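>>> The following block contains a protein sequence and its predicted model.
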Amino acid sequence: HHSAVSSISVSSADDLLVTCSPDSVLLWDTKKWERKRTLGASSYGAVHACFLPVGTSLATGFRDDTVWVWDATSFALVKKLSAPL
C-alpha cells in the first residue's frame, strides 16, 4: 500500500487476509505471510474490503458507490453492483 490501510478482513478459513487502502486492495496468504494477489480497483479508490461470512466471496467497496464481488477461490470478478442514482 502507498496510503493508509482503511480495512482488514480475514477469511472464515483463516488462510487469507484482505487489506484495503485508497490505492489498492491486496490479498495475503496468512500461512506464509506473503502477498498473493492485487485485486482490481476502481479509479475512484477503494474504501472497504471484507470476506462475506457465508460462502467463498469477498466484496470491495469504492468511493464511486460501487461494490465489486469476487470469488475468493479463483479471484475472478463475479459482479459489479452500483448504488441507484
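That came through, no problem.

>>> make it CA atoms for all contacts and neighbour counts henceforth
OK.

>>> where does the chain dip in pLDDT?
41-42, 85 (pLDDT under 70).

>>> please redo it, this time with the cut-off set to 80
40-44, 54-55, 84-85 (pLDDT under 80).

>>> mind listing the helices for it?
Shown for the chain, no helices are assigned by DSSP state H.

>>> Now do the contacts for the nearest residue to residue 4 once chain neighbours are set aside.
Excluding its sequence neighbours, the residue lying closest to residue 4 (Cα to Cα, 6 or more residues apart in numbering) is residue 21, at 5.9 Å. Applying Cα atoms under 8 Å, 6 or more residues apart in numbering, one finds that residue 21 lies in contact with 1, 3-7, 45-48.

>>> Ok, residue 70 next?
Residue 70 neighbours (Cα under 8 Å, 6+ apart): 57-59, 76-79.

>>> Considering the residues you listed, which possesses the most neighbours?
Among these, residue 58 has the most neighbours (other Cα atoms under 10 Å), with 23 neighbours.

>>> ok, that residue touching residue 67?
No - if you go by Cα atoms under 8 Å, residue 58 and residue 67 don't touch, sitting 10.1 Å apart.
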